[in-house]
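A.B. asks: pasting the sequence and the predicted model now:
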Amino acid sequence: MFGKKDKVATFGPGLVFNLVGDGTEIRGSILSDSDIRIDGKVIGDVTTKSKLVLGTAGTIDGDVSASSVDISGTVKGNVTAADILFLKASGRIQGNITTSKMVIESGGEFNGSCKMHGQ
């Protein structure tokens, strides 16, 4: 910006961190190869080949698919975590879960069915 080269925040070799901030609403699906953190609202599916973090103020009305998923907010849709799903105490899932490993903190809510598979 203003004649200088813009730099993109990276976290690891070639990985870019994507952020949907608090107060932001996205209507439509998100597809990424990199980590995603959502503190706002997404109405649509969220898919990443990397990690998805849903903050306490974050909501997703749609299906989620990621390598690992860390939920502190609310998901109304199915969640697929190829590796591991963390459902924090403030987290809520209304939908089905497919994962190989799962951790649910005391207070976390999950309403749906769960299918666990090996690595």
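C.D. replies: Nice, I can see it. Residues are numbered from 1 along each chain as shown.

A.B. asks: okay, CA-based contacts and neighbour counts for the rest of this
C.D. replies: OK.

A.B. asks: so where's the protein shaky on pLDDT?
C.D. replies: Residues of the chain meeting the criterion pLDDT under 70: 1-16, 119.

A.B. asks: can you pull out the helices in it?
C.D. replies: Counting by DSSP state H, the chain has no helices at all.

A.B. asks: tell me the contacts of residue 48?
C.D. replies: Neighbouring residues of residue 48 by Cα atoms under 8 Å, 6 or more residues apart in numbering: 31-36, 65-67.

A.B. asks: and if we set it to 7 Å?
C.D. replies: By Cα atoms under 7 Å, 6 or more residues apart in numbering, the contact list for residue 48 reads 31-34, 65-66.

A.B. asks: quick check: buried residues in stretch 28-44?
C.D. replies: The neighbour-count check on stretch 28-44 (16 or more other Cα atoms under 10 Å) flags 32, 34-44 as buried.

A.B. asks: could you tell me the end-to-end distance of stretch 69-79?
C.D. replies: 8 Å (Cα to Cα, to the nearest Å).

A.B. asks: start the count at 45 instead of 1 going forward.
C.D. replies: Sure thing, new numbering starts at 45, so read that last one as stretch 113-123.

A.B. asks: which pair in the contacts of residue 92 spans the largest distance?
C.D. replies: Greatest spacing in those, by Cα to Cα: 78 and 109 (12.4 Å).

A.B. asks: quick check: end-to-end length of stretch 97-106?
C.D. replies: 15 Å.

A.B. asks: for the residue most central in space within the chain, which residues make a bridge with it?
C.D. replies: Geometric centre of the chain, nearest residue: residue 96, 3.2 Å, by Cα atoms, centre = their mean. Following DSSP bridges, residue 96 is listed with bridge partners residue 80, residue 113.

A.B. asks: residues in contact with it?
C.D. replies: Residue 96 neighbours (Cα under 7 Å, 6+ apart): 79-81, 110, 112-114.

A.B. asks: so which of the residues you listed comes closest to residue 130?
C.D. replies: Closest to residue 130, out of all of the contacts of residue 96 and judged by Cα to Cα, is residue 114, at 4.7 Å.

A.B. asks: state the number of residues packed around that closest one.
C.D. replies: Close neighbours of residue 114, defined as other Cα atoms under 10 Å, add up to 20.
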